[in-house]
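Have a look; sequence and predicted model below, questions after that.
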Protein chains: 4
Amino acid sequence: MPIKTGKQYVDNLDRARPSVWINGEKVNGKISDHIAFKGLISTQAAMYDMQWKGEYCEQMTYVSPTSGDPVGLSFLQPRSKEELIRRRIMMSLWAETHHGFLGRAPDYMNTALMAFSSASEFLSEQDPRYAENMRNYYIYCRENDITLSHAFVQPHIGRFSTFMQTLEEPVAARVIEKSEDGIVVSGAFLLATQGVTAEEILVFPPPLPSLSEEENPYAFIFAVPNNLPGIKFICRENFVIGSSRYNYPLSSQFEEMDTLVIFDRVLIPHNRVFLYGDDHMVNQFLEESCFHTQVTHQILCRTIAKTEFLLGTIEYIVKVLRLNTYAHIIEKVSEVIAVLETMKSLLLAAEDKAVTDSRGTVIPDPDIMFTANFIYPRVYPRIIEILQLIGASGLIMLPSEKDFYAEISEDINKYLRASDMDAKNKGALFRLAWEMSANSFGGRQALYERFFFGDAARVAGRLYNGYSKRDRNIDKVKKFLSST
Amino acid sequence: MPIKTGKQYVDNLDRARPSVWINGEKVNGKISDHIAFKGLISTQAAMYDMQWKGEYCEQMTYVSPTSGDPVGLSFLQPRSKEELIRRRIMMSLWAETHHGFLGRAPDYMNTALMAFSSASEFLSEQDPRYAENMRNYYIYCRENDITLSHAFVQPHIGRFSTFMQTLEEPVAARVIEKSEDGIVVSGAFLLATQGVTAEEILVFPPPLPSLSEEENPYAFIFAVPNNLPGIKFICRENFVIGSSRYNYPLSSQFEEMDTLVIFDRVLIPHNRVFLYGDDHMVNQFLEESCFHTQVTHQILCRTIAKTEFLLGTIEYIVKVLRLNTYAHIIEKVSEVIAVLETMKSLLLAAEDKAVTDSRGTVIPDPDIMFTANFIYPRVYPRIIEILQLIGASGLIMLPSEKDFYAEISEDINKYLRASDMDAKNKGALFRLAWEMSANSFGGRQALYERFFFGDAARVAGRLYNGYSKRDRNIDKVKKFLSST
Amino acid sequence: MPIKTGKQYVDNLDRARPSVWINGEKVNGKISDHIAFKGLISTQAAMYDMQWKGEYCEQMTYVSPTSGDPVGLSFLQPRSKEELIRRRIMMSLWAETHHGFLGRAPDYMNTALMAFSSASEFLSEQDPRYAENMRNYYIYCRENDITLSHAFVQPHIGRFSTFMQTLEEPVAARVIEKSEDGIVVSGAFLLATQGVTAEEILVFPPPLPSLSEEENPYAFIFAVPNNLPGIKFICRENFVIGSSRYNYPLSSQFEEMDTLVIFDRVLIPHNRVFLYGDDHMVNQFLEESCFHTQVTHQILCRTIAKTEFLLGTIEYIVKVLRLNTYAHIIEKVSEVIAVLETMKSLLLAAEDKAVTDSRGTVIPDPDIMFTANFIYPRVYPRIIEILQLIGASGLIMLPSEKDFYAEISEDINKYLRASDMDAKNKGALFRLAWEMSANSFGGRQALYERFFFGDAARVAGRLYNGYSKRDRNIDKVKKFLSST
Amino acid sequence: MPIKTGKQYVDNLDRARPSVWINGEKVNGKISDHIAFKGLISTQAAMYDMQWKGEYCEQMTYVSPTSGDPVGLSFLQPRSKEELIRRRIMMSLWAETHHGFLGRAPDYMNTALMAFSSASEFLSEQDPRYAENMRNYYIYCRENDITLSHAFVQPHIGRFSTFMQTLEEPVAARVIEKSEDGIVVSGAFLLATQGVTAEEILVFPPPLPSLSEEENPYAFIFAVPNNLPGIKFICRENFVIGSSRYNYPLSSQFEEMDTLVIFDRVLIPHNRVFLYGDDHMVNQFLEESCFHTQVTHQILCRTIAKTEFLLGTIEYIVKVLRLNTYAHIIEKVSEVIAVLETMKSLLLAAEDKAVTDSRGTVIPDPDIMFTANFIYPRVYPRIIEILQLIGASGLIMLPSEKDFYAEISEDINKYLRASDMDAKNKGALFRLAWEMSANSFGGRQALYERFFFGDAARVAGRLYNGYSKRDRNIDKVKKFLSST
């Protein structure tokens, strides 16, 4: 059953029954019935359905080299620019479905896993079984269309800097025991987004340095199903207020829960371990797999879809409120247009200038990809600011769906309509803008984009340190100066 | 009964029973019991109680010149710098209570009414009765400690520019009839903040120009109780999610509802009308009363309290997360310190350079006041951005109060604590920061500060056009150039 | 003699003897000997020499369709993407020569003329002779490798808005007489950059509206040699301080003089007139020719070369001062890297998405080109700011070439060297950075980039009003909302 | 002869004949005749003349407690707020003379010396003679109205970080010998501004840490005349192009030369040494003297005068070009108004909240002073940017004085005038704006303001680390949270 249907996705989630806590209570019923998850699950189910029914099937899948069955295209390891472009087309189709609001749509982790598997050879340096485990796991996920989340953010109190300050035993996750059956892990990770709405979880934290031991217990990469004994998910505040699509057009469909995932003596079977004990190898493997570059290809498809949708919303408001003659409005909308055209050009150029690594995998140009990573967290908050500046009081004076079915509906229609739009449609547009820019859903989205790939210093460091044209540029100046 | 107790305030609201609609339903029970209002009402009740009990009574009141009773100090018409300073001390005490989150705390409208009344003489130019009505109303409010809201924002569809484009009959509020008993008004206003949690409403929209009639029906200033027949309040989306102070430390206490207030053939008694029929006079009266300057004195007390509280929160997070050695953190916190010290210096300087108008009222320096108005909408979003950048993932991974009383509390305590702070206190701090910066409460606050006194162009225009030192500065350049 | 040699370029300039005034004096000797012009002329001569000697000849020229001789490639009317790319390669080669500091390198006007000629058909609507004149003139310039400047900026006092305020006779250039030999023009234009270092001048001001006459005397496009009787060039302040390349590495080579060009009853022969009398046609022709889009292709080649050179300088300073471990330095340099990679991606994407107009000319994607126009004036000043912030006091403490040949040279070598670089080379690097960012040359460059295509509002308007994807983006939002 | 006349100042400079090198040549004639210095010297001579003739004498001086003669008011050690205000009035009078373009007007160093002397007691901890030397030197300078410069910036190659990287002998200045007559110093300092146009130089570099010796040879504070044997000044590039006040209204009058000052075995007499050998004491003394706070009082007087003059210039251009109806112009000018009103309010508030130190010296509020230091380097470049954006092409098309006396003057008058201003006056205004924003003079001013008190990180650190209200603000949050 290579590609999954939406129904299979929902059934898998409901059957798994992982340990999930929200607002002090354990989720006992079906995950897909719970208000905090059901909108998102339904959205992702529809995405899986795109793989086998409707007009896009062909663009969504390719033939599995092992089974001959159609499998999800985001698993494809690109060996040519054409395959890179096929990946982009598929990822854009999904991104258009959720308008970029899902930071952890399934193709994100599929891409990560594809990158890891492409570089599995490197793992042999440590142990050939690691390489084999990685390849097998990749095939398993591809052939079963597994929905993955990942975990890597250490609790603040578990981080090295804090650890060094306190000299206490860190609470960061680590291997506490090894047995014939596998390794036993205890500890926790922050911010496992969609931890609860995925089937498995891939774990690869930046390892804390080892102090004395031969094997560094903080250094590992592994993957497990969500419902192994000892795994627990604790959800943050739920931001889904209601399931009315009119009232909450975004949060009712696209709200991804973030979780604290706790490992309490969880046994990881050996065949699910991809690296262990050597922090240098773990760090190096991320580099070797071109993880950041490959997933940025997916991210760009997503941020482009998101920017288009934000721009469309802004332009629609401008149209409805007839603001298109004001110079300051034109300048602000132009900023957003410029962001969109820039992101699209970066994507196109990164594919055009793609390079092939030593293992034959095609990698979108890293300089351009890291540029995109650098730019988006800086421009996204500005787009949201522009939406606030243009939406203004319209983002506050929000009628609700019920208002239109009450005695006061006539008043609302009279006073809250626009010149060419009735109050209900205008309300829908502004509620959309409000969720984008001014409620909990929008607030989390802003934080998510700001910190998608780390804080500003880390993202700048990645661009700066990896920049491939430094010497070439300096040499131009040297040559110029030597000729004077 | 000049100054009101908190209980009187609550009783008055509950007794009045204005027509209030929220989420398609009419509020039938006590206003003070409704989740959308009760936190705010309780906060304001406590503020009124400060007038008569506790350590600040003396600083909160003065002796009424008419009744000899203690009345609220924000009603005081300042005739000296000392009185200006007394006003500031009183307003700051209230602002410290709500930490600046109430944009329409009672002293705001008390100040507006004080300004109007101080310039009541000007109304005589139109009709001596208008001046008398204004003075009497001011005395009535002061002696009865009336809580006021105001209404002035035209529905978008009712604005002149839209009206001119469509050539339809505008829906802006206007006088549709005059009788022996008063004038009859129909129409609506957006954004009557605290419309429901005040007792009376002062109405002074910027008048649409008159086309043909002798009396401009769009030009008027009047005040009425909230519960007159024909007045209806329609609330926007309610942002109070719950009344747990732990979970929602700000919205459970400081959430001010904004309302669409509708006048449907409401009879305004003659003695409550302060101007009618002449749009020039209405516009001029706002100028003459120094409305903007006087209320900015109140606003500055509020924004200073708010900035202090935001800075305190930011500094507390820096302390708890031990971030104070990072240069980029130091620079960001310094930005907020600089804003706070600037706002405080502007307040002090405006008082120091206060001027006395032709009627003997002391006015804080307008250039400085309009500077403050210009600056704050620009820096407030940046402070919020800094809070997001420093709070980072801590603003997402929010435990709830119930989590600490559940089976998982131990996990949460272990993994979400900071080095020197347990998880519950850390959670409280970050939930506070979250409400400031990333949920609906924070979203509305951001929009509110951005547009407090109109959009950026209007606020800049007020500073630019009113600037009193233009010629002096140009003359320096002229003199310099003529000596070269 | 289709392509010109450097010597021919110099001889042509020296032979022409136009009327040139600088600092109150008429230039009587050879233009190429005058300090204000000689560096630039020598630079451009070397650029012309690239066409016939050295390694780039082939990439610089193509075979003329009329003469069969090699002609300059920037005259090529692109009929395919490949030809667009050939143009880009040629224009980049020249841009690499002057590192983007020449805003009016010859390929700029060659491109403008190419665009005009490509749309010459449109001129037939007015008069078939105009179309023929335009085509002939294009061929004449191409076959004689004419160096062109242009004039279009009205004196401030001659602009419509000022004219309307004063109701005086405008001083804007206009046709004051028509005769059998041509039209007679009087008036002046600001800012004819390189007016004196070109051979001919193409004149196309935005026409003032006609008030009463049948033919609008302010509406015309024509071209003339610089030395026609009645043409006079008045230079602005000269920014070339000295010809030492060490001291003034940029201004000694790349300083383009801006001139006020005055027409005093100048007779324009009929065959040099391309439009006359109809302001609508003049405005429309600029649109039809895709002038802005085509020249932006040249501009992007230039700004990319410039950004690379600025980045190289910044990176060189970082290296010499060993600053590459400071987070704030990394972040600033990354900003510049991101600008460079963005501009390059925009160029590549605009070619990739090029469109063919109704006359078969290939046009780089306008949305992307106008995005580039929108972005660069905003980021250029920031790059210069970053250069100042990184160069710091090194940009002030500038030794001169003579210092190294004086008694004090030992002191300078001891105290002004860097760890791995002697004082002379360090001085050369910082003098380069100083000319980029802090002297008259750099000051003019900043102003030039800020206003290259008009002020911010005009440039935003061009992007906004021409944007081709507005409806598509709005439709996505409409579709989303209708499905909720 | 306590207060100096302008003539005495000039004579002193001309008589001293220090060793000065500029552009590879030694200055042999009178300093006051050299184009690089004469404008500035003449400006400062006029400032000294204000002390004894004209309307401001009384405000410029006070009675010396030692001689009973009038001495310069910027030497006054303030013992009350009133004296602080007297100081401000005097410093503002001088600042109005040079419009803030002199960063090292004499009152700057007078204030520094006053601060040092006020804290001289602290030096006794090391050696009572140091305290006495300092007091005596202060009295000497005050009673002889000595013009001082200072030196403290280490050559880059001499800094600790570079030193640590290279492990070479640092070139930083140090004591190489001690004798009965004094200490012998070798080494150099960058950026001794006005080194050549002052009489004496006060030297207090941040000491490099001592490695092994008992006495740290890099730790010292002393003062000497400029013309001691072994002292040499090497000037940077001269930015004075000409002495025409029309052409160069600022650089012809206000250009302060920066110098590399070299000490080659210079003997510093014992009575001119204020500290030696203990780096901790040197660092502590700067703190104790409140150096930064006291000189910021002078700086604020200067930056306010400068901002007024920049604003006047901007407003004059707006007036001449009739731009005051454009919203984007209004917003930009308002930004500058807001800066000016802010700086003025900070000054007033810092005086109002001044504190008295343990020695009875009155210190303007440090939090506010460091806020001013933090703000100005951020807003000054923006003011210059606004000037560029408003001045636009007018800053490029600059006629020269000679143009108005040549044959072309009529053309210039016709085409370069404004509606209400002839071309010559318009040219004067724009040349002023050009020098402010776009030539070497303006470029240096921008760099000077950016780095006046160190780079952004250092200035932020000073504000952040010294902030006195941190705990108070955090406590408000703690109290709020504990009540929830």
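Thanks, I have the structure now.

Contact partners for the closest residue to chain C within the stretch 51-200 of chain A?
With Cβ to the nearest Cβ, the shortest gap between the stretch 51-200 of chain A and chain C falls at A:H99, namely 7.0 Å. Bear in mind the C-beta positions are built from the backbone N, C-alpha and C, glycine included. The contact partners of A:H99, taken as Cβ atoms under 8 Å, 6 or more residues apart in numbering or on different chains, are A:F254, A:A305, A:K306, A:E308, A:F309, C:K476, C:F480.

ok, of those residues, which one's closest to D:A406?
A:E308 (59.0 Å; Cβ to Cβ).

ok, so what distance separates the residue of the stretch 51-200 of chain A closest to chain C from A:V175?
Here A:H99 is placed at a distance of 41 Å from A:V175 (Cβ to Cβ, to the nearest Å).

what's the answer for A:L347, then?
For A:L347, the distance to A:V175 - Cβ to Cβ - is 40 Å.

From the contact counts, what lies against the host helix or strand of A:M436?
Per DSSP states H and E, A:M436 falls inside helix A:423-437. Applying 3 or more Cβ pairs under 8 Å, 6 or more residues apart in numbering or on different chains; DSSP states H and E, one finds that helix A:423-437 makes contact with helix A:291-320, helix A:366-391, helix A:409-415, helix A:440-450, helix C:470-482.

so which of those helices comes closest to D:L389?
helix A:366-391 (19.8 Å).

what about A:I268, is that helix, strand or coil?
Following DSSP: H, G, I helix; E, B strand; the rest coil, we place A:I268 in the strand state.

So which residues make contact with stretch A:408-416?
Around stretch A:408-416, the neighbours that count as contacts under Cβ under 8 Å, 6+ apart are A:397, A:399, A:403-404, A:422-424, A:426-427, B:21, B:24, B:155, B:157-158, B:171, B:188, B:190, B:232, B:234, B:260, B:262.

Output that stretch in CSV, but only the C-alpha positions, please.
Taking C-alpha atoms only, stretch A:408-416 is exported to CSV below (Å, rounded to 0.1, in the frame of the first residue of the first chain):
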residue,chain,number,x,y,z
ILE,A,408,-28.9,42.5,14.4
SER,A,409,-27.9,41.1,11.1
GLU,A,410,-29.5,44.0,9.3
ASP,A,411,-27.6,46.5,11.3
ILE,A,412,-24.4,44.7,10.6
ASN,A,413,-25.1,44.5,6.9
LYS,A,414,-25.8,48.2,6.8
TYR,A,415,-22.9,49.5,8.7
LEU,A,416,-20.1,47.0,8.2
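
and the helices and strands packed on helix A:423-437 as JSON lines, adding mean neighbour count and mean pLDDT?
Converted to JSON lines, these look like this (neighbours: other Cβ atoms under 10 Å in any protein chain shown; pLDDT from 0 to 100):
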{"stretch": "helix A:291-320", "mean neighbour count": "24", "mean pLDDT": "98"}
{"stretch": "helix A:366-391", "mean neighbour count": "22", "mean pLDDT": "98"}
{"stretch": "helix A:409-415", "mean neighbour count": "18", "mean pLDDT": "95"}
{"stretch": "helix A:440-450", "mean neighbour count": "24", "mean pLDDT": "97"}
{"stretch": "helix C:470-482", "mean neighbour count": "16", "mean pLDDT": "97"}
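
Reformat these as TSV; add distance to C:E180.
Listed next are the helices and strands packed on helix A:423-437 as TSV, based on distance: least, Cβ to Cβ, whole Å:
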stretch	distance to C:E180
helix A:291-320	54
helix A:366-391	58
helix A:409-415	70
helix A:440-450	69
helix C:470-482	50
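
immediately after the helix or strand that contains A:V261, which helix or strand?
If you go by DSSP H and E, A:V261 is part of strand A:258-269. Under the assignment DSSP H and E, the closest C-terminal helix or strand after strand A:258-269 is strand A:273-277.

That following strand pairs with which strands, parallel or anti?
strand A:216-225 (antiparallel) (DSSP bridges).

by how many degrees do the strand it pairs with and strand A:258-269 diverge?
100 degrees (axes from the mean of the first three to the mean of the last three Cα atoms, to 10 degrees).

Residues in contact with strand A:216-225: which ones?
By Cβ under 8 Å, 6+ apart, strand A:216-225 touches A:16, A:116, A:137, A:148, A:170, A:172-176, A:183, A:185, A:199-205, A:207-210, A:231, A:266, A:268, A:272-279, A:281-282, A:285.

One more pass at 6 Å, please.
Here strand A:216-225 makes contact (Cβ atoms under 6 Å, 6 or more residues apart in numbering or on different chains) with A:137, A:172, A:174-175, A:200, A:202-204, A:207-208, A:210, A:268, A:272-279, A:282.

What are the buried residues along it?
Within strand A:216-225, the residues scored as buried using 16 or more other Cβ atoms under 10 Å in any protein chain shown are A:N216, A:P217, A:Y218, A:A219, A:F220, A:I221, A:F222, A:A223, A:V224.

Tell me how far that strand lies from the chain's centre.
21 Å (Cα atoms, centre = their mean, to the nearest Å).

same thing with stretch A:2-18?
20 Å.

Please report how far the residue lying closest to A:V273 once chain neighbours are set aside lies from A:T259.
Leaving aside its chain neighbours, A:V273 sits nearest to A:F222 (4.8 Å; criterion: Cβ to Cβ, 6 or more residues apart in numbering or on different chains). For A:F222, the distance to A:T259 equals 18 Å [Cβ to Cβ].

Compare A:L347 and A:V175 and say which one has the larger neighbour count.
Remark: of A:L347 and A:V175, A:L347 carries more neighbours, 25 against 22, as counted by other Cβ atoms under 10 Å in any protein chain shown.

For that one, give its distance to D:V185.
From A:L347 over to D:V185 the distance is 61 Å, taken as Cβ to Cβ.

same question, A:E288
Separation of A:E288 from D:V185 (Cβ to Cβ): 56 Å.

Equivalent analysis for A:N133, please.
69 Å.

now A:M436
Separation of A:M436 from D:V185 (Cβ to Cβ): 65 Å.

what about the two, which has more around it?
Ranked by neighbour count (other Cβ under 10 Å), A:M436 and D:V185 place A:M436 first, with 27 against 24.

Now that one: closest residue in space, sequence neighbours ignored.
Per Cβ to Cβ, 6+ apart, closest to A:M436 is A:G442, 5.1 Å.

A:F239 too?
For A:F239, ignoring the flanking residues on the chain, the nearest one in space by Cβ to Cβ, 6+ apart is A:S440 at 4.1 Å.

The one you found contacts A:I241, correct?
No: using Cβ atoms under 6 Å, A:S440 is not in contact with A:I241; the gap is 8.0 Å.

about what we covered before: per-residue confidence for the residue of the stretch 51-200 of chain A closest to chain C?
What the model reports as pLDDT for A:H99 is 98.

Might you calculate how far stretch A:258-273 sits from the centre of the chain?
Centre to centre, stretch against its chain (Cα atoms, centre = their mean), the figure for stretch A:258-273 is 21 Å.

what sits up against stretch A:295-315?
With Cβ under 6 Å, 6+ apart as the test, stretch A:295-315 has contacts from A:88, A:91-92, A:95-96, A:99-100, A:107-108, A:111-112, A:336, A:339-340, A:343-344, A:347, A:364, A:369, A:372-373, A:376, A:383, A:387, A:390, A:433, C:470, C:473-474, C:476-477.
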